[in-house]
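# what's the 3D shape of this:
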Amino acid sequence: MATNKMNYHGQSPWYPQASPSASSFSPASSTGRTRDIRGSKMTILRVINLFKEKNISLFRSDDLKKIFKIKSENTLKKLLQRLKKANIIKRLIKNKYLFIPLEETTSDFQIANFLVSPSYISLESALSFYGLIDQFPYRIASITLKKSREFTIHKKLFVYSKIKKEYFKDFLKLDNFLIATKKKALFDYLYFIYKGLRPKSSMADLRNYLKEKEFKDYLLENADLKFLSFVKRHVKL
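Numbering: from 1, shown residues only. Down below sits the predicted model:
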């Protein structure tokens with residue numbers, strides 16, 4: 001499974017220096033204050049230019065630390081505060097951020113993969129993506145190996161459902177996000193119905209797709225006996 005990695009080439013990027021001493025901010029030290037203002041602006045410009053050049057729309061605080069070779073946690077914290085105050089970044093969840101100048105080209109699915117890793121888009125979101133059900137524009141559903149959880153970000157709900165390890169497979173990379181294949185999205189959805197996490201009534205809208213030979217072959221090959229028995233009983237394959 002692909003993970004979010006960032007590779008940086010060329011010369012080592014500039015990184016913010018240690019904060020000036022308290023005396024630098026005294027009325028008598030206008031030179032120190034001017035340097036601090038210029039340094040802050042330069043920091044922001046360098047971040048903007050580098051992130052645009054490398055097309056970095058999502059990043060962790062540790063990524064910023066490594067890119068600019070920041071050794072001090074206090075320096076990192078101040079840089080993040082400056083970038084947020086300048087409306088250059090948005091905090092998504094703890095230690096994970098969105099680069100606002102590239103927000104328009106960053107999809108909700110890409111953000112979903114980034115928030116929790118490993119994960120892939122599936123269930124209602126993937127079924128909607130493949131045109132099998134109506135869209136759910138404010139809810140993005142993902143499968144993960146980690147504990148189930150959800151986040152509300154910018155009025156959208158990102159939901160993560162845990163699945164057992166042997167079923168965490170058969171997803172592909174489209175553009176910049178990972179998503180279940182069509183048959184795996186159906187498989188995942190049926191599995192969550194079987195586990196009581198989705199209503200049985202929702203199978204009615206998918207019945208025709210569930211009876212397609214390609215899906216039936218996939219189900220027979222991958223489902224355990226109890227899950228398979230449940231599907232046969234309710235779908236009548």
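
# what strand or helix carries the most centrally placed residue in the chain?
Closest to where the C-alpha atoms of the chain average out (Cα atoms, centre = their mean) is residue 114, at 2.3 Å. Using DSSP states H and E, residue 114 maps to helix 108-115.

# and the next helix or strand past that helix?
strand 119-121.

# what's the following helix or strand after that next one?
Taking DSSP H and E, what comes next after strand 119-121 is helix 123-129.

# packing partners for that next one?
strand 139-144, strand 177-180, helix 182-194 (3 or more Cβ pairs under 8 Å, 6 or more residues apart in numbering; DSSP states H and E). Placement of C-beta: from N, CA and C, glycine included.

# redo that, cut-off 10 Å
helix 108-115, strand 119-121, strand 139-144, strand 156-162, strand 177-180, helix 182-194 (3 or more Cβ pairs under 10 Å, 6 or more residues apart in numbering; DSSP states H and E).

# got the domain boundaries for this protein?
With domains defined by automatic domain parsing, the chain comprises 22-104, 108-235.

# next, format the ones you listed as a markdown table and append mean pLDDT.
Shown next, in a markdown table, are those (pLDDT from 0 to 100):
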| stretch | mean pLDDT |
| --- | --- |
| domain 22-104 | 81 |
| domain 108-235 | 95 |
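
# just name the most buried of those domains.
domain 108-235 (a mean of 17; mean count of other Cβ atoms under 10 Å).

# first to last residue in it, what's the distance?
32 Å (Cα to Cα, to the nearest Å).

# and the helices in this protein?
30-54, 61-67, 73-85, 108-115, 123-129, 182-194, 207-210, 213-222, 225-235 (DSSP state H).

# will you turn these into TSV that also has distance to residue 138?
Listed next are the helices of the chain as TSV, based on distance: least, Cβ to Cβ, whole Å:
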stretch	distance to residue 138
helix 30-54	28
helix 61-67	27
helix 73-85	25
helix 108-115	9
helix 123-129	11
helix 182-194	19
helix 207-210	24
helix 213-222	28
helix 225-235	29
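
# nearest to residue 176, out of these?
Proximity to residue 176 (Cβ to Cβ) singles out helix 108-115 among the helices of the chain, at 4.7 Å.
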